[in-house]
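Here is a sequence with its predicted model. Questions after.
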Amino acid sequence: MAGLWIDLRFALARLDALASDPDRLPEDRESLPGLQYELHRAAELVAGLTPPEDAHRMHEELADALAEARETTAEVGEALALGGTDAAAPLVWEWRGALFRVRFARLRLERPRQTAVAAPQVGTAATPRTPPVVAALAVAIGSGLVLFAALLGLWLLVALTLAGTAAASVLLRP
């Protein structure tokens with residue numbers, strides 16, 4: 001596959017550049033048949049490869065994308081020859097989509113395949129370190145002590161109780 005992409009990289013870059021600037025198409029019309037041939041040759045290379053069992057569908061997708069890009073490039077070239085830029089303009093977005101489909105098929109082929117993942121075991125959830133009731137009770141008692149100390153005006157006790165309640169809520173989290 002690496003050889004395929006090395007050969008096809010230049011052709012795709014050139015086709016993308018032409019598709020992104022349709023005003024340059026009349027000047028570069030002569031290069032379209034050669035680029036179309038590169039797409040054809042890449043499709044033949046893909047057809048000659050034996051894909052791994054899990055990538056068979058993606059290889060077919062790549063072959064279809066290359067064929068579509070080749071045919072759309074031919075349509076754009078024919079429209080340019082017969083009617084100029086105005087005749088080719090309606091085909092440009094379809095052409096860009098076909099070229100994108102080739103790049104997308106490449107990304108799908110190169111993406112690492114997921115191996116079979118073992119099903120999670122039922123009933124093995126981690127048990128909490130502290131029962132939730134104990135943690136809630138510690139926070140409630142600490143909050144009550146902060147309120148009581150604040151009502152009495154014992155601000156040092158308020159600060160110490162707030163610090164203790166915050167520490168208890170972190171250490172006793174369920």
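Sure thing, it's come through.

Based on its surroundings, how many neighbours for L18?
If you count neighbours by other C-beta atoms under 10 Å, L18 ends up with 23. To be clear about C-beta, it is placed using only N, CA and C from the backbone, and glycine gets the same treatment.

Which other helices and strands does the regular element (helix or strand) spanning E94 contact?
Using DSSP states H and E, E94 sits in helix 92-110. Judged by 3 or more C-beta pairs under 8 Å, 6 or more residues apart in numbering; DSSP states H and E, helix 92-110 is in contact with helix 2-20, helix 56-83.

weakest of the ones you listed by average pLDDT?
For the helices and strands packed on helix 92-110, mean pLDDT drops lowest on helix 2-20, to a mean of 78.

for that one, packing partners?
Looks like helix 2-20 contacts helix 32-48, helix 92-110 (3+ C-beta pairs under 8 Å, 6+ apart).

just the angle between the lowest-mean-pLDDT helix or strand in the chain and helix 32-48, please?
Within the chain, confidence by mean pLDDT, DSSP states H and E is lowest for helix 2-20 among all helices and strands, at a mean of 78. Counting by axes from the mean of the first three to the mean of the last three C-alpha atoms, to 10 degrees, helix 2-20 lies at 140 degrees to helix 32-48.

Tell me the buried residues in helix 2-20?
Buried residues in helix 2-20, counted by 16 or more other C-beta atoms under 10 Å: 4, 8, 11-12, 14-16, 18-19.

And it, how far out from the chain middle?
21 Å (C-alpha atoms, centre = their mean, to the nearest Å).

May I have it exported as CSV, CA atoms only?
Taking Å, rounded to 0.1, in the frame of the first residue of the first chain, the C-alpha atoms of helix 2-20 are listed here in CSV:
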residue,chain,number,x,y,z
ALA,A,2,2.9,2.4,0.7
GLY,A,3,4.0,2.3,-3.0
LEU,A,4,0.4,3.1,-4.1
TRP,A,5,0.3,6.2,-1.9
ILE,A,6,3.7,7.3,-2.9
ASP,A,7,2.7,7.2,-6.6
LEU,A,8,-0.7,8.7,-6.0
ARG,A,9,0.3,11.5,-3.7
PHE,A,10,1.4,13.8,-6.5
ALA,A,11,-1.6,13.1,-8.7
LEU,A,12,-4.1,13.8,-5.8
ALA,A,13,-2.3,17.0,-4.8
ARG,A,14,-2.3,18.2,-8.4
LEU,A,15,-6.0,17.3,-8.9
ASP,A,16,-6.9,19.0,-5.6
ALA,A,17,-5.1,22.1,-6.7
LEU,A,18,-7.0,22.1,-10.1
ALA,A,19,-10.3,21.4,-8.4
SER,A,20,-9.8,24.2,-5.9
